[in-house]
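1. The amino acid sequence is not available; the structure is as follows:
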């Protein structure tokens, strides 16, 4: 009987992992990147930092205990701004990411709008 319980646990465990990899894949697609860039561990953070206009050396701060919490909140906040969301979504994403991330990934109402300077650059390029 114990082996059936372990088997069920393993199946559920890998099912959740597969689901959340797909969620990351969809979120990165919404941000205008290739989906696979969202599922490669450190590279996905580098891509996210580039999208939110933060220096890529911030990756190093993510390996320092307690400091990484501050940088995670800042990164999540900037990502939520890119989706046109306010700081409430940052708090929700930080504490309830297994619920909020799929909402962002699969909701048609939530789209990546980027940052104002990106849109200004696009407008400037049209005039040239």
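-> On my side now, so go ahead. If you're wondering where the values come from, they're calculated on a predicted model, not measured in any experiment.
2. what packs against the longest helix seen in the chain?
-> Counting by DSSP state H, the longest helix found in the chain is helix 2-30. Here helix 2-30 touches helix 41-51, helix 87-106, going by 3 or more CB pairs under 8 Å, 6 or more residues apart in numbering; DSSP states H and E. To be clear about C-beta, it is placed using only N, CA and C from the backbone, and glycine gets the same treatment.
3. by how many degrees do that helix and helix 87-106 diverge?
-> 100 degrees (axes from the mean of the first three to the mean of the last three CA atoms, to 10 degrees).
4. Buried residues, helix 2-30. List them.
-> For helix 2-30, the neighbour count (16 or more other CB atoms under 10 Å) marks 20, 22-30 as buried.
5. now stretch 78-96
-> 78-83, 85, 89-90, 92-93.
6. ends of that stretch, how far apart?
-> 17 Å (CA to CA, to the nearest Å).
7. coming back round to it: nearest to residue 74, of the helices and strands packed on helix 2-30?
-> helix 87-106 (9.2 Å; CB to CB).
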